[in-house]
Structures are given as structure tokens and as C-alpha cells.
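Student: Below: sequence and its predicted model.
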Amino acid sequence: MVDYIWIVIALPLAGAVFLHFFGSRLREPLPGVIATSTIGLGFIYALIATADFFAGTGEAETVHLFDWIAPLGANAELLWDPLSAIMTLTVTGVGALIHLYSIGYMHGDARYGRFFTYLNFFAASMLILVLADNFGLLFVGWELVGLSSYLLISFWFHKPSAAAAGKKAFVVNRIGDVGFLIGLMLILAEFSTLTYGTVLEEPARVITTGMATAITLMLVLGAAGKSAQIPLYFWLPDAMEGPTPVSALIHAATMVTAGVYMVARTAALFELASFSAAAVATIGAFTALFAASIALKQRDIKRVLAYSTISQLGYMFLAVGTGAYVAGIFHLFTHAFFKALLFLGSGSVIHAMGGEQDIAKMGGLRKIMPVTHFTMAVGWLAIIGIPPLAGFWSKDEILAIAFGEGGWFTFLWVIGLITALLTAVYMTRWMYLTFWGEARWEDGVHPHESPAVMTAPLLALAVGSAGLGLLNTPWPFKPALEHFLEPSFEAIKMAHIPSGSTPWILAAVSILTAAAGAWFAYRKYQGADAFDIAPVMPRRTGVWRWVGNAYYVDDIIGNLIVLPGKLVAAWTAFVLDSEIIDGSVRAVGGGVRRIGGWLRPIQTGFTRNYAAVTFAGVVGLLLWFVTRGVG
Amino acid sequence: MDLNILSLLIWLPVAGAAVVIGLPRRRPELVVPIAFALSVLTLGLAGFLVVDFDSADAGFQFVEKAAIWSDLGIDYHLGVDGISVFLVALTAFLFPIGIVASVHIEHRRKEFMATLLLLEGALIGVFLSLDLILFFVFFEVLLVPMYFLIGLWGGERRLEAALKFFLYTALGSAFLLVGIIFLSAQANDQFGSPTFNYLELLDLDISRTAQYWLFGAFGIAFAIKVPLFPFHTWLPDAHTEAPTAGSVVLAGVLLKMGTYGFLRFNLNLFPEATVQLAGFLAALAVVGIIYGAAVAIVQPDLKRLVAYSSVSHLGFVVLGIFALTSQGLSGGVIQMVNHGLTTGALFLLVGMIYERRHTRDISAYGGLQKVMPWFAGFFLFTAFASAGLPGLNGFVGEFLILLGSYTRHPALTIIAAFGVLLAAVYLLWAYERVFTGEPDKEENRALTDIGLREVSILVPMVALIIALGVYPKPVLERIEPAVERVLDRLEERTDFESPLRIDDIADEEVNR
Amino acid sequence: MEVTAGWYLALGALLFVIGASGMLLRRNALVMFMSIELMLNAVNLTFVAIGRHVGDLNGQVAVFFVMVVAAAEVVVGLAIMIAVFRRRASASVDDLAMLKG
């Protein structure tokens, strides 16, 4: 079974290739069905292949497919261990549901077939990423998901904003990739290979702490790009230009978690470099808070979720940086469900509202879209951390572990807790403005519940969001996930939840925080008058102006980095290159021409003159020989 | 060997040029098929060469040797090794495509095709020559067809560009010739008779000072060809003015003569100087990478943009070569091939759009993806290949180069890594401006998508781009022994020790 | 008075100077041709004289070469002259300064 694990990658890849050539000729919904079934079959295959791990008898296996870049130790080799298994299951499982949902969501789009080509291609790329057995192949997946992300964000390429957003996502990711590349250079220089087996097995015998810190910091830069963390987070909100299923699949559930996965995968290196680990945790905590604060004042239904995603990814970073790898992966797993759910739900709303994305112009959808509303409510409770829904367990585990680590991490715990409060506020605001209260629709908008092909995945994801938290709770399964993932982190010293009554107290604090936030937001927006959206709008004064404009980060980057960069490039091109360098070349040419000009009159054109000069030359030579004597 | 395959590779296109030029003027329809058939035949021979090439043999294969002028030690001496075999194959591959891409040329079509074939023969000759005079002759001879390609069939400022190209290269060649003659004189002193035989010259014992001078003489000629910063300014002009086939060949193969020359001659003949000057050349290469990319970002002219991207990409090749590691050198060689494919394809694409709109101005376009979806797809694909997307060919080379160079030039390599980022910036920005948005200009709305002929020349390139990206092993395993030999020589003749060799990887694997 | 080789050499030198002067001073292309012939024959005379003086036949061999070359040169030169004369109706070389820098 495991020997053929490449089938999981090959299925969606084959789907992508097939749909690329024939997708536009097939009638709707056939391309969607094909795409969904390839990834669905992949999920089933992966599930069967994981059976041994479930039973606790499986061992990590590597599968050598073919030599790729052998001189770097980067071959087409796959690694099948619990960590890659859980990632594969998340990608294929959530992915299949989102594929299914897209069949309805993309209905009527002119490039229906092409959309599923890209979606399938993304799935294949993501699976390469999680199944790779060396950093080279990891980087392949890493970049290919970036490509799919680019293609899907700018899927509606005729919108200049979508095209620009796609480019921005790719370029910002590439900044991180440069860091990643440098990390790989260091790894190759130290280990002479990129294979996980060699690099991650007791790296301490090869490298010093300093080198491990350098390597991991570079990898973190890559992870920050892919997982939209400070300082490279700002591409993700723009990425919402893509169709909503894309936001759900790529920019919430799977691709953006690649950074978290990578840190967990290279845990052996981070264990050696405690500074980098702390840096990861700090970046995560601050990103979580920062993004949550921006989410407070967003009006676009998807942008709220985008910032929320950044914030939740921050929690995952906090977890893996603290050494709570299982908790990080756990949150990745639950987040994949509830965030995909929330995105698909907002897609359902957008669909119903005829493309409207401004939550100030929604409201009162609860009665019209009962299924969507119900599932969204599950997602809402999950993300703000109300037990027994999934988000509570995973988020609280992270916070508890951070608290238990003490020192600096206690401070990060405080930040995490504040973030939890803000999360409850902005998500309740989001729920309220969208579904509750009075309708504030524009004229001509007639909302309706979405078709079953869209609501079915919502229900499935809602079940996951509600129940999957129990996978890693002391009861009823023991901490099943921790047990499951153990083989992948055998050699790693992991942080655990503090013992005794502390976790219970912490849990109580979290729940109270979340409830307080939710209650506050509910009360605040309950007062909003039916057609007066003023309270909803970002206030134009003081700090709220900054928050409402996402701290002007895009403007700052535009004016401080992009614009000067363009100016430097323009100066290089039009002054340095064409004036100075090419100018000197032309000056040399001109100089030769001028000297030629001076010498021109010598050539009179009269044969006689030439003969006379020749003659004089001969006479001169003769004289020279005569006076000096020959020889 | 009964069949002198190397000679055939050189002289078949040359003879083809004669045949084409001799075709009767009243049968113009014969020109293209005959030229195409001959170039495909050459490609077949090259394919046979690659397949028949023994990857276990690090030395020269299919060697042919005959004295031309024994008193001076000038021979007709041909051979192929893992470094040149793929350059020959690339040359043979690009010419049929260039011919098909040029069928619309009406002006002196016969002469055009003959010029192309002549160029092909000369280029293959450059890569196969093992005699320095023979090498020099081919190196110079191909200037003539190239000059005419640009000067006769080029754009508006074609004469200026052709002249600039010619003079620039001729300047370098002068240094090269002096260097070659000096080498032969050294041989006369040491062996008692002059020789231009590359294999014999390898045994020369050259003083360190002389090595520096010779390295400089050879180096300037090759640096201009590459082109290395700051000798690059002929390139954008020549590329921009050349007809499509000319640009494809220029970027695809001509530039490789420079990097090939560095690898074949400088590294092997002047090992001391190589080890000493490697840092300097790597620095120039890295300047070229960043500089070319930065200039490409703001180019308003699509073809100039691609031309400057060549400067950037060739910088990677030179960096890899002067990393003096197995990985860097292998990466350098494979990147020569890759760049030929991707940049060749980009020039083809720019040529296709130029034929339709007669402008290369980026701002004249917009929203083309809607009217020309196939064209846009091919362009985006090639752009990503050029930007080094994994799974496509460009990545294999860049990855090997960057990872292989770090151990020797850490700071430079880290700077070079930013070239990967800039490549994404200029290519995607250009794509955004040309293809996305609504086609709001009247002229653009009426454009027709590419047809069967155009697709049929792009498909082989795309296929190779993917094949080399996914399964580069057949190429790498042929390159490796030759590259290892270069490094062995360097280590043997100097006290230099390469920081990273293939064996290191193998050792690690065993240790596991 | 005995006519020694010296006399022949002196005559050769004199003829050569006359030829050279004519070449430099005259403008008519035909006359210039004749001057060139005069110079060539002056050299011929010198060759023969010295050859005889040192008793070496090579002097005479050289003369044959010179004569052949001279004949060839005249053929080409006259052909050019005729071509030019047809166009310009003049044999003056000063009219042919098109290669002036």
C-alpha cells in the first residue's frame, strides 16, 4: 500500500492533466466530478495506507520513485510517516469537500473546466510538499503550491485587482523562498545532502547551535512567507480576490499551513536552535494579535476571515515554536475544518447575495439561509473556542502549553489570550452583521439558500469542526492524535500541558474570555439600526483609523519598498546602463571615429601622393640602412 | 568509427546552406522544406550522438583527427565530451524551430535560410573543435552569418546593432587570438614544436604570471560573448533588432560559446589563475544577475526585457562554473541548455506577438489572455520556467548552481539568490501588463490566437522544458564525469581543494 | 674605354629615376604606365648587369619573371584605363580621387 503512495499525488495530477486538455470540452459538471473523484479516491487511498498507524503498528517508510537531482541528494522520494499521513488526510479530505462544493459554486463560469484543472493541480502540489522526503522535493511542492495559488488568485484575470493580487502573492512568497533557499544552501554545505534522513537524524553531531540557528531562521523566513506571518503576511488579504473555494482550500485549510508543517517536520533542527524556536513562537503570537486587531474593522466578508486565518496561523506558529508540535498540528487540523467551513459559508452567502461582499450590506440572513447559518454558527463557536467544539481543544492546548513553559512564553500566553478575546469579538461581529439583526441589503438583491452540492460539504465540515477536537482530548480516546504522531517526533523533546489543576483553570479563563468577547460584540451590534451602517463602519478617528486601514501596511510597503525599488531599477536601466555603461561604449566608438576624422585628410585620393609617400619611405629606409650599415 | 558523425554534424548544415543558396530562384517554395529537412537531419544526428554517448567515459569521444598544417601543429581535430554534447544537441534542436518560426520571411528567403544553416554548422563546429585554431576559425566565421541575420533581416536600428555586435565580439576575438598564439609559442618552447592541439596544450607548464595574462585574454573574449557585466551592452541591441530566429539562436546558443569557452579553456588551461580569479568572476556574475534583473524590471520593450533576463540567467551559469564544485559546474552546464530552451521559447513568443501587432512596447498591450488564451498559456508557462519554477528545467540548473556555489562563495551566492526573486518580479509584472485585465485597446481585441504552426514549434520546447525539469538524470549523468574531470585536474595542478564534490553526497548516503 | 658593369648600373639608376619622376609628376595615366615600365626595365637592366658581373644566371631568370608580371600588369592596367576613359573621356588620374578620405 505504502509502496504505491505516489498514487495519491498521481491521481489529482492526472486529473489536472486530463482536465487541462479536455476540461473545456466537457459539459458542466463533469470536470468538477472528475476533479472531485480524483482527490476523493486519493483520500480513500491515504486512509487505507494510514490504517497501520491507526493500529499503532505502522513504521515510517520512504519510497524511492526515481533519481531527480542526485548530486544534491534531492530525489523523487516520498516519506510516509504519521505526520505526512495526517497532512495528506487533511489535504485530501478537506480538499475533496471543497472540490465538491466548487461544483456548485463555480456553476456557469466560463472557465469552469480550467478552475478544476488548477484545483487538482494544487492538490497534487500540496501532496508533493507534505510527502517529500528531502528538502529539494519539499521545495518543489513549496513553489508549485505558490504557482497554483497565483493561478487561482488571478483566476478572474480580467479583473486587474485579481491579477495584481496573484502577482503580489507569488512575489511575496518568493521573498520567503529566497530565505528558504539560503537555508537549503546552508543545509547542503553542512550535511552534503538534502535528504531528511541524514539531516534530521541527530543534527547535533554535524552542526553547532549557531549554524542550526542560522539554518532555522532562514527556514522560518520561508515559512513566514508561505504561512502569511509577520513580516510577510500582507499578501494573504489580497489573495481573497480569488474564488471563495480557493480561499478556503489554499488560503485557509492547506497551503498556508505549509510553514507550520515545515517547522514541525524540521523539529530536530529547531530543537537545537532554541532561539529560532522562540522566534517562531514570538512571530506567531504577535502575528496572531496584530491580524486579529485588523480583523476587528474589516468590512469585506472574506477579508475578516483572511485576517482571522493569519491570526490562527499565528497560534500554530506559537505552538510549534513552543515545542508543542502535536498541538500545532492539531490546531492545523481543526483549523482546516472550521476555517474551510467559514470560508465556504461566506462563499455561500456571497453566492446568495449576488456577489456582494460587504458585511455592512448584509444582515438578517439567518432565516433565509438556515443551513448556511447553522453551519456558520458551528464554525463561529469553534473558532472562538467554546467547548466542546474543535477549536477550543486545539487552541486551548496551545495556550496551556505556552503558559506551562513559563518565562517569555508566559508573556506570549498573555498575547494569545488577548487574541482569543479579539477573535471572539470580530467573529461575533462578523456573524451578527451577516446573519443576525435586520437586513441591510441593497436593492435588487434576493438572497436564497445555496444548492445541496454546496450545503452538503458545509454540513460535513461542520460535523468535523464540532467533533474532531475530541481526537486529542484526555477523554474519550486518550490523546489519540499525540499517540498517533508519536513516531514522527520520537527523538524530539516536546512541550506538554502542565499537570495538575492548571489546565482546568486556564481552560476556564479561556472560555470566560471568549464568552466575554462574544457578549460584548453582540451587545454592541445589537443596537445597530436597520439601515444605518454607521456603527459598522470603521471610525475615522484616532487609532481606529489605523486599524480600519490595516495599519497602512500596504501603503508603507508601497512607498518604502516598492517605489524606491522601482526608482533604483529605473535609474539602473536608464542612467547607469544606457548612459554610463553603454555611454562609455559609444564614447569609445565616437573616439575612434574622431581620430579617424583627423587622419582623413591624409587620404587625398591622388595616386601620385601615395606613390610619393611610398617613394619617400623607400628612400628613408635606404638611407637608414646606408648610414647604420646593413645587419 | 566508420561514420564520422561529428564531421557530419558540422558539414551537413554547411553543405545544406550551399544547396539552399543554389536552388533555382523560380522555385521559392522549395527553400523552406529543404532547409527544414536538412536541419531535422542534423537534429537526428545530434540525437544519435546523445544516445550513443558513453556516460561512463569522462574523456572525449567520437574523436576525429587529421593534420591540416603539420608544421604549425594545426589539426582538424574534433571530439565531444559531456560538456559539449548537450550544447551540440541544443544547437541542433533550436535550428529547425528557428526555421519554422521564420517561414513568413519574404525578403531574400533563400539567403536567410542559407545563413541560418551556415550559422548552425559553425556553431556546432565551435563546440566540437579540439584544435584551438579550428575553434577560433569557427568562433569567428559565425560572426558573418550572424552579422547578416541582424543587419539584413533585423528591425529598424538593425545596422547599428549589427555593427555593435560585430565590433564588440571582434575586439574580444583579437585578445583570444593573441592568447592562442602565445600558447602555441609556449608549446614550441616546451615540446620543441608548435601545437594548437587542445589535449596536448593541457600538459603545458605555464608560469603563474603568464596564466593571469592568458586567462585575461581568453576571458575577455568569452566575457563579451556571455555577456558578463559590464560587457553586455551589445546584447540588448542585437537581440532587439535581430529577427526572431536570430534572437533564438543568439540567446539559445551563441551566448553559450562564452560560458563554454570559460569552462573548456580557462578552467583547464589556466588552473592557477582560475583558482585565484574565481571569486572575481563570480562577483561579476552576481552583479550581472542582479543588474540584469533590475534593468529587466523597468524595460518598456518586451524583447529588451527578455534580453536583459538573459544577462541575469547567464550570470547564474558563470557563477556555477566559478564555484568550482561538482554541483556548481553541473548546474552551470545544464543551465546553459535550460536557458537556451526557455529564453529561446520566450523570444519565439515575443516574435509571434510582434508579427501580429508590430510593436514590442509592453504598454501597447493589455488583456491579451482573453483574446489569445493559448498564447497566454504558453507565455506564462515559459515565464515560470524562466523564473526557475521547480518541476521545470530552469529550476534544476539554478538549484544546483546556488546550492553548489554557496560553499565557495557564500556571500555572493546569497545575493544571487535574490535574482530568483527578481526574476519572478519582472516576468510576472510583464505578464500582468500584457495579458491580464480587459483588452481595452481596439488593435488588441482583433488579435488571433496562435495557429497550428506556432503551436507545433512551441510544443517540443515545452515538452523538453518539462522533461528536463522532472527527469534531468540522463543529462546530469552524462555531464558529471566530464565535470569531475575538470575538478580533478584543478585539484591536481593546484593546491586547491573543491569544497563540494559528488562523492561527498555518495559518502553521506553510505553513512546512512 | 671599357664598358664595365658600373656603366650599366648607372644607366639603370638613371632610367629608374626618370621613371619614378614621371610616375610622380605626370597626370596622364598612359604616361604613368610608361613610366612604370621604364622603372621595371631599369631594374631588369640592373639584374642582368649584376648577374653578368657575378656570373650568376639567376639575374636573367628574375628578368623573365619581371617581364611576365609587367605584361600581366599592363593588361589589367590598360583594361582599367579603357573602362575609365569610356566613362570620363579623360585619362587624367586626378579625376579618379573617389577614394579621398
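Tutor: Nice, thanks for sending it over. Numbering: from 1, shown residues only, chains lettered A, B, ... in the order given.
Student: what about residue B:182, how many residues close to it?
Tutor: By other CB atoms under 10 Å in any protein chain shown, the residues close to residue B:182 number 15. Placement of C-beta: from N, CA and C, glycine included.
Student: Just the element for residue A:75, please.
Tutor: strand A:74-80 (DSSP states H and E).
Student: what helices or strands is that strand leaning on?
Tutor: strand A:61-69, helix A:112-131, helix A:135-153 (3 or more CB pairs under 8 Å, 6 or more residues apart in numbering or on different chains; DSSP states H and E).
Student: do you know how far residue A:545 is from residue A:296?
Tutor: Going from residue A:545 to residue A:296 by CB to CB, to the nearest Å gives 13 Å.
Student: Settle it for me: which of these two has more neighbours?
Tutor: Between residue A:545 and residue A:296, counting by other CB under 10 Å, residue A:296 is the more crowded of the two (19 against 14).
Student: Do a quick rundown of the helices in the stretch 351-500 of chain B.
Tutor: Using DSSP state H, counting those that start in this stretch, the helices found in the stretch 351-500 of chain B span residues B:368-371, B:373-386, B:393-406, B:410-435, B:442-445, B:452-470, B:473-493.
Student: May I ask you to name the longest helix in the chain?
Tutor: No chain was given, so I picked chain A. The longest helix of chain A (DSSP state H) is helix A:160-191.
Student: looking at chain C here, not the other one
Tutor: Every helix in chain C considered (DSSP H), the longest is helix C:58-88.
Student: Report the central residue of chain A.
Tutor: Within chain A, the residue whose C-alpha comes closest to the C-alpha centroid is residue A:256; the distance, by CA atoms, centre = their mean, is 2.8 Å.
Student: What does the pLDDT read for that residue?
Tutor: Looking at residue A:256, its pLDDT reads 92.
Student: Next, the contact list for residue C:32, please.
Tutor: A:607, C:22-23, C:26, C:93 (CB atoms under 8 Å, 6 or more residues apart in numbering or on different chains).
Student: So which of those wins on neighbours?
Tutor: residue C:23 (21 neighbours).
Student: how much space between that residue and residue B:134?
Tutor: As for residue C:23, its distance to residue B:134 is 45 Å (criterion: CB to CB).
Student: in the helix or strand bottoming out on mean pLDDT in chain A, what's buried?
Tutor: One helix or strand of chain A scores below all others by mean pLDDT, DSSP states H and E: helix A:542-548, with a mean of 75. By neighbour count with 16 or more other CB atoms under 10 Å in any protein chain shown, helix A:542-548 contains the buried residues A:547-548.
Student: and that helix, how far from the chain's centre?
Tutor: 27 Å (CA atoms, centre = their mean, to the nearest Å).
Student: Show me what that helix is packed against.
Tutor: Contacting helix A:542-548 under the criterion 3+ CB pairs under 8 Å, 6+ apart is no other helix or strand.
Student: Show the subsequent helix or strand relative to that helix.
Tutor: Note on helix A:542-548: by DSSP H and E, the next helix or strand toward the C-terminus is helix A:553-557.
Student: right, is that following helix up against chain B?
Tutor: No - shown here: helix A:553-557 not in contact with chain B (CB under 8 Å from any CB of the partner chain), separated by at least 13.8 Å.
Student: quick one: which of the contacts of residue C:32 sit in helices?
Tutor: For the contacts of residue C:32, the ones inside helices are A:607, C:22-23, with DSSP H as the criterion.
Student: one step back: could you dump the helices and strands packed on strand A:74-80 into TSV and include mean pLDDT, mean neighbour count and distance to chain B?
Tutor: Shown next, in TSV, are the helices and strands packed on strand A:74-80 (pLDDT from 0 to 100; neighbours: other CB atoms under 10 Å in any protein chain shown; distance: least, CB to the nearest CB, whole Å):
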stretch	mean pLDDT	mean neighbour count	distance to chain B
strand A:61-69	90	17	5
helix A:112-131	94	27	9
helix A:135-153	93	26	4
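Student: Make CSV out of those and add distance to chain C.
Tutor: Below are the helices and strands packed on strand A:74-80 laid out as CSV (distance: least, CB to the nearest CB, whole Å):
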stretch, distance to chain C
strand A:61-69, 61
helix A:112-131, 67
helix A:135-153, 61
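Student: out of those, nearest to residue B:450?
Tutor: helix A:112-131 (17.8 Å; CB to CB).
Student: for the closest one, the distance to its chain's centre please.
Tutor: 14 Å.
Student: Can you check what angle separates it from helix B:373-386?
Tutor: Angle of helix A:112-131 versus helix B:373-386, following axes from the mean of the first three to the mean of the last three CA atoms, to 10 degrees, is 20 degrees.
Student: Which strands or helices does helix A:112-131 pack on?
Tutor: Contacts defined by 3+ CB pairs under 8 Å, 6+ apart place helix A:112-131 against helix A:6-22, helix A:30-49, strand A:74-80, helix A:82-105, helix A:135-153, helix A:258-265.
Student: Which elements pack onto the very next helix or strand once past the last one?
Tutor: Going back to what we said before, that points to helix A:258-265. Per DSSP H and E, helix A:258-265 leads on to helix A:267-272 as the next helix or strand towards the C-terminus. Helices and strands touching helix A:267-272, by 3+ CB pairs under 8 Å, 6+ apart, are helix A:196-200, helix A:209-226, helix A:274-295, helix A:301-322.
Student: so where's the chain shaky on pLDDT?
Tutor: In the absence of a named chain, chain A is used. A:474-478, A:527-541, A:630-631 (pLDDT under 70).
Student: um, chain C though
Tutor: Judged against pLDDT under 70, the low-scoring parts of chain C cover residues C:101.
Student: And chain B, by the same measure?
Tutor: For chain B (pLDDT under 70), the answer is B:1-2, B:503-512.
Student: any idea what sits nearest the residue nearest the centre of it, other than its immediate chain neighbours?
Tutor: For chain B, residue B:256 is the residue whose C-alpha lies nearest the centre (CA atoms, centre = their mean; 2.8 Å). Distances taken as CB to CB, 6 or more residues apart in numbering or on different chains put residue B:336 closest to residue B:256, at 4.7 Å, once the chain neighbours are dropped.
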